[in-house]
Each structure stands twice: as structure tokens, then as C-alpha cells.
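**Student:** Let's see this in three dimensions:
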Amino acid sequence: MAIDDIPDDERESLLTIAHGAVITSGGQSLQRALTTATEYALAQGLGPVVYGVYAFAWRVAQLLFRLVNFGSVGTLQRYLAAYDDEPDRQGRVVALAYLTTVVVGLVLAGGLFLGGDWLNRVTVSHIDFPPTVRLFAALVVLVGLVNIHAGVLRATQSARGEVLFNRVLRPAVRLVGALGALLLGYSVVGVAGAFVLGMAGLALVGFPVVVSATGIRPLLSGLRSEARRFYNHSGPIALSSLGKVFQNRVDVMLVGFLLTASAAGVYNVVLVLVSLAWIPLLSFNMLLPPVASGLYADDEMATLNAVYSAVTRLIVTTVVPILVVLFVYGRAILSVFGPSFTAGYVPLVVYLGGVLVGSAVGATGWLLMMTDHQYARMALDWLLAVLNTLLTFAFVREFGLVGAALGTAVAIAVQNGIQVVLLRRFEGLWPFDATFLKPLGAGAATVVVMLLVREGLAGVGGVAVGLGLGALTYVGTLLLLGVNDRDRLVVGTLAARYRHGITATVTDHNPRE
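**Tutor:** You can find the predicted model right below:
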């Protein structure tokens, strides 16, 4: 199929999703920079003991951040696009999302507030922990509201809005609050208070901004008529989130429990590198859910399958070079953290196998939710949680640190394999064809070239040469094998759009005399 023969609805969907991916990847990079700066400032300003108090309280709060919306964000993705011609129903869905978040947030915050002293006694036993965790209890509700602001914008296909709230303003509020509190001489309790004040301001300012940007006003009348459908979707998603909280932490907990503190530190660094490899999948998943929901609501299943296939191939094409770099230079990257961290190289490579499988099947989890199979997604999330626990426990005892990565990688592969089969069984969606072999072939050629450079040239210069030749090899091999027309459409159109935008910006700032 030539580029001009690609149907307009498919063309529009692909460009929307790809543009959202570009914005999201930039936002994620900025988010990581802001988060790293915040943690560095707090570690230096609070000292190791008090910083440990903060870190533990923050981890507890982060777990509740994942639960506070009770599946509302995913439900917004499902129904706002589907109700595009029904503004009243959109208003009710948004109202239910906000109300649900407030109610659940108050329950979670109350439990954290009342349990602060008990949690302190059984864990860190520090005088600053109870007041800190109680302030973070208020933060749970406020972060939940900001999540809904971002979720509404994302559901209306505003990647910039979601990135602005969740990837830029939220971490920026933490950084400014941390620096402000430390400069004024406050300790961890003052930092927590600054976080609360900053997030409260963001939550309050964000509401009118979202209403103005989307035109959707929360509507309280007639909520009962919408509630059953809303909670039929959000309830399973909430349980999925609970399963994900468990599955995403179990390998770290088991490493710390069964191995040594040093091994736990090495594994944490491995997870930092692995998170880089997940960026392509997360970025393309930014706007795929609302686009998929709209196509599903209009019964455009052929278009949905074509979009799913093209986006998944783009994810594979984008993630392969990241995996290659981590595979070839992973040991050198780990050594930057210290000589002992090179012990994480084999676990890193094993974990990357799970990332490849998870990325190669694309947005299977989101598509199950957007096609009303949220109960199947919930069951699979809990299957992964249980499977990950059993496999990781057995593998860590047998293989040590490598076993933690192996258990998680196998569980990821099993879940995503089942999800892609269910999508084909339930909805006839199947993304794979022979074109997927091209980025894999290009990746294999790149591995060979970079390994040869690594063995022949040492030091920073060798790494620079390897990365440069690797990039040329990857792109050149893709061109030699032939780039898919949909991929050329996305890359060519977006490149022209950004080039025009940059030119217009430069021209506006440099008017001719």
C-alpha cells in the first residue's frame, strides 16, 4: 500500500498517537531530570538518616497514589472519546471520576493518618516520621485530583496537557518545594508541608484550566444513570492497579529479603536502566487508549487493527536500539555507579528479554480495557502478581540476583502472550506480519557491529564510535530492508510538521528589517 492509499481515519489516528509519543518521551525525560534533582537535593540537605525517613514515607505515599483514583483514569480513556457527541454524559463521567477520587482518597488518607504511629513503631522508629507521613496523607488526595486533571486531558487526546500536569508540573512542584523548604532551614516535615502546599495550588488551578481546555464541565445531575457502567469499568481497573502495585515491588522485596542489602542496591540500579527501555511503549500508549476507544465505539475494527499493528511495529523499531545499547554497553554503564554494580549485567540482559516481549506485543493491556474486557485484564494482572511472586522466590533461591530478573521477565512474557491471544480471540485484533522482522534484523546487525567496536576500541572514545556506527548500521539496514509505508508516513509527516514549527518560531523571533 502506498502512502497516498492509507485511509484518512487510519492516517489521522497514527499521526495523533505518534505525535503524542514524541511529546511524552520528551516529558518523561524532563520528569526524570526533575525527579533526580529533587532526590539529590533532599539527600544532600537532609542527611542520610532523615533522608531515609523521607524516602520510606514517600514510598508508602507512592503506593497509595496508584490506588487513589480507583480506576477512574482508565475509565476516562474509555468513555470520553466514546461519548464525543454526548457532552452531558461526558460531564457525568468526569464528575464521577472526581467524586470517586475524593472519597477513596479520604479513606486512604484517613488510614495513613491514623496508622502513622503504628507504622513508625514497626519500621523506622523516628520522631519525624509520623508528622511527615500524615502530611503525605493529605498529598494522596491532592495527587489524585491532579491525576484526574491529566486524565481528562489525555482522554480528549491532549498529550501536551497530560505531560504538562503529570510529567512537568508535578515533579516541578516537588523540586521547588524541596529547595524552598531546605533554603528556609526546614527539615523533612517542612519539606512534606511544602509538597502539600504546592500540590494544593496545582490541584486548584488545574480544575478551571481543564474545563476551559476541554469544554467538559462536571455534571452532578443524573449520576446514578452513569454510575453502574462507570464502576463496572473502574472497579476491575482498580483491582488491576492493586495487582500491579504488588507485582512491581515483589522482586525488589524478595531480593532484599533473600539476598543482601548490596544485592538489593545493585538490582535497584538495574531497574533504573530497565525503565529507560520501557519509554517507547509508555510513550506510544499515551494517546492510543482514547483513539482505540473512539474507533471501537464506531465499530471501525479494521482500522483499529491496522493502527494497532502500525503502532506496535513503531514501538519495536524504537525500542530495539535502546535494547542493543544496554546489551552491548550495559556493563560499562553499570560501572559508572561503582565497580560492584557490574554484577547486575547478567540480570539486566535477562530482564531486557521481558521488555522486548512486552514491547513487541504493544498496548495489549490498554486494548483489552478499551474493548470492554477489563475483567480479563484484571485477572491477568493478578495472575502476573502471583506468578511473579512464585517464580521470583524460586529463582532467587536457585540463581541469586539473576533469578529475580528471570522470574519477572518470564511473568511479563506469559501475561503479554496471553493478552495478545485474548485480543485475537475476543476482537480479532492481531498486529504481527513479516514487517516486524525488519527492525529485529536491523537490531541483530547493529549488535554485531557494536560488539566488534567494543572489542577493538576501549574507553569513552570507543563507546562514542560504537554508538555512532551502531546508529548508522541500524538506520542503514532498515532502509536497505525497506521501510513500511505507514512508518514513512509517520516519520515524514511529523518531521515536516516539527521542521515547519521550528522555522516559524525562529522567523517570529528574528523578523526581517
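**Student:** Show me the helices in the stretch 351-500 of the chain, by range?
**Tutor:** With helices called from DSSP state H, counting those that start in this stretch, the stretch 351-500 of the chain shows them at 364-370, 374-399, 401-427, 437-456, 459-481, 485-509.
**Student:** To Lys244, which of the ones you listed lies closest?
**Tutor:** helix 374-399 (5.8 Å; Cβ to Cβ). Every residue, glycine included, has its C-beta placed from N, CA and C.
**Student:** just for the chain, where's the confidence low?
**Tutor:** Segments of the chain classed as low confidence (criterion: pLDDT under 70) are 1-2, 246-249, 252-253, 256, 261, 265, 505-506, 508-513.
**Student:** Any idea which residue is closest to the centre of it?
**Tutor:** In the chain, the centroid-proximal residue (Cα atoms, centre = their mean) is Leu282; its distance is 4.7 Å.
**Student:** who's in contact with that one?
**Tutor:** Thr24, Gln28 (Cβ atoms under 8 Å, 6 or more residues apart in numbering).
**Student:** Helix or strand: which one has it?
**Tutor:** Assigned by DSSP states H and E, Leu282 belongs to helix 279-284.
**Student:** Buried deepest among the helices of the stretch 351-500 of the chain, which one?
**Tutor:** helix 364-370 (a mean of 25; mean count of other Cβ atoms under 10 Å).
**Student:** Show me what that one is packed against.
**Tutor:** On a contact count with 3 or more Cβ pairs under 8 Å, 6 or more residues apart in numbering; DSSP states H and E, helix 364-370 meets helix 72-82, helix 288-297, helix 374-399, helix 401-427.
**Student:** so can I have a markdown table of those showing distance to Gly482?
**Tutor:** Listed next are the helices and strands packed on helix 364-370 as a markdown table, based on distance: least, Cβ to Cβ, whole Å:
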| stretch | distance to Gly482 |
| --- | --- |
| helix 72-82 | 34 |
| helix 288-297 | 25 |
| helix 374-399 | 35 |
| helix 401-427 | 25 |
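**Student:** out of these, which comes closest to Arg66?
**Tutor:** helix 72-82 (10.5 Å).
**Student:** Downstream of that closest one, the next helix or strand is which one?
**Tutor:** helix 87-114.
**Student:** Which elements pack onto that following helix?
**Tutor:** helix 48-65, helix 72-82, helix 129-155, helix 223-258.
**Student:** For Ser187, what are phi and psi?
**Tutor:** When read as degrees, to the nearest 10, the backbone of Ser187 gives phi -100, psi -150.
**Student:** what residues are up against it?
**Tutor:** Leu46, Val50, Asp128.
**Student:** Quick check: of the residues you listed, which lies closest to Tyr98?
**Tutor:** Distances from the contacts of Ser187 to Tyr98 were compared by Cβ to Cβ; the smallest belongs to Asp128, at 32.8 Å.
**Student:** Please name the residues that touch Ala109.
**Tutor:** Counting by Cβ under 8 Å, 6+ apart, Ala109 has contacts Leu64, Ala137, Ala138, Val140, Val141.
**Student:** Keeping just the C-alphas, turn the helix holding Leu282 into PDB.
**Tutor:** Output of helix 279-284 as PDB, limited to C-alpha atoms (Å, rounded to 0.1, in the frame of the first residue of the first chain):
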ATOM      1  CA  ILE A 279       9.900   4.600  27.400                       C
ATOM      2  CA  PRO A 280       8.800   3.700  23.800                       C
ATOM      3  CA  LEU A 281       5.900   1.600  24.900                       C
ATOM      4  CA  LEU A 282       4.800   4.100  27.500                       C
ATOM      5  CA  SER A 283       5.100   7.000  25.100                       C
ATOM      6  CA  PHE A 284       3.100   5.300  22.300                       C
END
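**Student:** Figure out how far it is from the centre of its chain.
**Tutor:** Remark: helix 279-284 is offset 7 Å from the chain centroid, using Cα atoms, centre = their mean, to the nearest Å.
**Student:** same thing with stretch 281-299?
**Tutor:** Between the centre of stretch 281-299 and the centre of its chain there are 15 Å (Cα atoms, centre = their mean).
**Student:** same deal with stretch 170-179?
**Tutor:** 20 Å.
**Student:** What residues of that stretch count as buried?
**Tutor:** Arg170, Pro171, Ala172, Val173, Arg174, Leu175, Gly177, Ala178, Leu179 (16 or more other Cβ atoms under 10 Å).
**Student:** Just the ones of those in strands?
**Tutor:** Assigned to strands by DSSP state E, none of those qualify.
**Student:** if we can go back for a sec, which pair in the contacts of Ala109 spans the largest distance?
**Tutor:** The largest separation in the contacts of Ala109, counting by Cβ to Cβ, is between Leu64 and Ala138 at 11.4 Å.
**Student:** separation between Val448 and Val328?
**Tutor:** Using Cβ to Cβ, to the nearest Å, Val448 is found at 10 Å from Val328.
**Student:** returning to that earlier point: make CSV out of the helices of the stretch 351-500 of the chain and add distance to Val60.
**Tutor:** Below are these laid out as CSV (distance: least, Cβ to Cβ, whole Å):
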stretch, distance to Val60
helix 364-370, 26
helix 374-399, 19
helix 401-427, 22
helix 437-456, 40
helix 459-481, 39
helix 485-509, 41
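**Student:** Which one of those lies nearest to Val336?
**Tutor:** helix 459-481 (11.2 Å).
**Student:** what angle sits between the closest one and helix 485-509?
**Tutor:** In terms of direction (axes from the mean of the first three to the mean of the last three Cα atoms, to 10 degrees), helix 459-481 departs from helix 485-509 by 120 degrees.
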